[in-house]
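1. let's see this in three dimensions:
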Amino acid sequence: MDMEKMYAAMEKQEKAKQKAAAEAKKDFDNPNMISMQSGNTYEVRLMYWASGIPGERSVPIIEKTVHAAKNSDGRYVEITCPVSDYLMGRSGYNACPVCSELSKLWEAKKKGSASASSAYDKFKRKFKGYVVVYVVNDPTKPENNGTFKIMYVNAIVKEYLDTKIKGIDRKGVAIANARKIGFKAYDITENGKNLFISITNDGKHNKYSCEFDDGDALPIDMEQIEQAYEDLEFEKFYTQFDPKATQAFYEEIVLEKETVEAEPEAVAAEPEDDIPMDFEEKAEETVEEKAEAPAEKPKAKKEKPASKKEATASSSDIDDILADLPS
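-> Below you'll find the predicted structure:
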């Protein structure tokens, strides 16, 4: 028995586990990200820096939909679904074997299959977004104030930003008589608007309230903004659709790990808008779920309007919130 060889194999396996654990919580441990915790109100200014990276992404917020799960060795695996807005749109469905399988699972789920329902919920598309911000006030880490950070954008915040900045609804349709603020959301002068995000917790789910309000001119210039994007390695959050990785995810995780009862009538048809593109707040996918017990909410430096846009990211009602998003 070669004990040295056995030890080397054990050490290799242990390193693989450590790497997997690090990858699974990379957003939490990334010092470049602002970690938002329940019971607090954060004040930031969104930064605008349209990148010319592959895929011709020309928007300041990286938005994508992903399929994610853990493989047999516990490693968190995530692939970018080709239906992400900056890639192929809905036409990308035909290029995604996971989406094709999900359409079968959706049909089986509607027929009452518990195993299909479990598999569908595990592998369905999830929204993820990232944006660079200038931190005006971080009540949990004051040392972040006056610095640039990457902020995670969940589906609730995205909906608010689309409404207020672009004047569009969840389907991307222009809202009649919308009083959108446009570039003021990114303007670093005294004309700019700061974004306030308040987070509370009902004991089970996080609840987000967002609003824009007048801000002061920021003590920064475009050269500093460009340097921040480079230092934060923001473009690494942009991930293109990789056909090989997607096929491997489908074969090694979806097919191998999930055994679903066959439903003769289930057909792989392109999903319609009534098939929810869900957003789930899971620890390995979001920053916000690293929440502590609610703390006393600090007073904002400016008096805010009484009306706010609020939504609760709960598993019970998120389907209703996002059910008619374009898939």
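2. what's the longest strand along the chain packed up against?
-> The longest strand of the chain (DSSP state E) is strand 126-137. Packing partners of strand 126-137 (3 or more CB pairs under 8 Å, 6 or more residues apart in numbering; DSSP states H and E): strand 40-46, strand 62-70, strand 148-153, helix 155-161, helix 222-231. C-betas here are computed from N, CA, C, even on glycine.
3. residue 81: which of these is closest?
-> Nearest to residue 81 among the helices and strands packed on strand 126-137 is strand 62-70 (4.7 Å), distances taken as CB to CB.
4. okay, the angle between the very next helix or strand once past the closest one and strand 62-70?
-> Using DSSP states H and E, the helix or strand that follows strand 62-70 in sequence is strand 76-80. Taking axes from the mean of the first three to the mean of the last three CA atoms, to 10 degrees, one finds strand 76-80 and strand 62-70 inclined to each other by 140 degrees.
5. after strand 76-80, which helix or strand is next?
-> helix 97-110.
6. after that next one, which helix or strand is next?
-> Following helix 97-110 in sequence, per DSSP H and E, is helix 114-123.
7. same for that following helix, what does it pack against?
-> Other helices and strands packing on helix 114-123, by 3+ CB pairs under 8 Å, 6+ apart, are strand 62-70, helix 97-110.
8. in CSV, list the helices and strands packed on strand 126-137 along with mean pLDDT.
-> Compiled in CSV, the helices and strands packed on strand 126-137 are given as follows (pLDDT from 0 to 100):
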stretch, mean pLDDT
strand 40-46, 98
strand 62-70, 90
strand 148-153, 96
helix 155-161, 94
helix 222-231, 91
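9. so which of those is nearest residue 256?
-> strand 62-70 (11.1 Å).
10. quick check: angle from the closest one to strand 148-153?
-> Using the same axes, to 10 degrees: strand 62-70 against strand 148-153 is 70 degrees.
11. begin at 49 from here
-> Sure thing, new numbering starts at 49, so read that last one as strand 110-118.
12. need phi/psi at the nearest residue to residue 260 once chain neighbours are set aside.
-> Spatially, and ignoring its direct neighbours in sequence, residue 260 is nearest to residue 241 (4.1 Å; CB to CB, 6 or more residues apart in numbering). The phi/psi pair for residue 241 (degrees, to the nearest 10) reads phi -120, psi 130.
13. residue 241 is in contact with residue 230, isn't it?
-> No: between residue 241 and residue 230 there is no contact under CB atoms under 8 Å: 9.7 Å.
14. ok, these two, which is more surrounded?
-> residue 241 (21 against 12; other CB atoms under 10 Å).
15. could you give the angle of the longest strand of the chain to helix 270-279?
-> 130 degrees.
16. residue ranges with poor pLDDT in this protein?
-> Within the chain, the segments meeting pLDDT under 70 span 49-51, 61-76, 98-107, 133-135, 137, 305-375.
17. contacts only, for the residue nearest to residue 245 when sequence neighbours are not counted.
-> Nearest residue to residue 245 in three dimensions, chain neighbours excluded: residue 90, at 5.0 Å (CB to CB, 6+ apart). Residue 90 makes contacts with 82, 84, 183, 185, 186, 187, 244, 245, 246, 247, as judged by CB atoms under 8 Å, 6 or more residues apart in numbering.
18. repeat the analysis, applying 7 Å as the threshold.
-> 84, 185, 186, 245 (CB atoms under 7 Å, 6 or more residues apart in numbering).
19. same thing with residue 128?
-> Contacts of residue 128 (CB under 7 Å, 6+ apart): 112, 114, 287, 288, 289.
20. neighbour-wise, give me the winner out of the residues you listed.
-> Neighbour max across those (other CB under 10 Å) = residue 112, 24 neighbours.
21. what's across from that residue in the sheet?
-> residue 176 (DSSP bridges).
22. hang on, it packs against residue 178?
-> No: Residue 112 lies out of contact with residue 178 (CB atoms under 7 Å); the separation is 8.9 Å.
23. related to what we said a few turns ago, so the longest strand of the chain versus strand 88-94, what angle?
-> Here strand 174-185 runs at 90 degrees with respect to strand 88-94, directions being taken by the same axes, to 10 degrees.
24. CA-only coordinates of strand 174-185 in PDB, if you can.
-> Provided in PDB are the C-alpha atoms of strand 174-185 (Å, rounded to 0.1, in the frame of the first residue of the first chain):
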ATOM      1  CA  LYS A 174     -32.200  33.300 -12.300                       C
ATOM      2  CA  PHE A 175     -31.500  37.000 -12.800                       C
ATOM      3  CA  LYS A 176     -28.200  38.500 -11.700                       C
ATOM      4  CA  GLY A 177     -27.000  42.000 -12.100                       C
ATOM      5  CA  TYR A 178     -23.900  44.100 -11.100                       C
ATOM      6  CA  VAL A 179     -23.100  47.800 -11.300                       C
ATOM      7  CA  VAL A 180     -20.200  49.900 -10.000                       C
ATOM      8  CA  VAL A 181     -21.300  52.500  -7.400                       C
ATOM      9  CA  TYR A 182     -19.700  55.400  -5.500                       C
ATOM     10  CA  VAL A 183     -20.500  54.800  -1.900                       C
ATOM     11  CA  VAL A 184     -22.000  57.800  -0.200                       C
ATOM     12  CA  ASN A 185     -23.100  56.100   3.000                       C
END
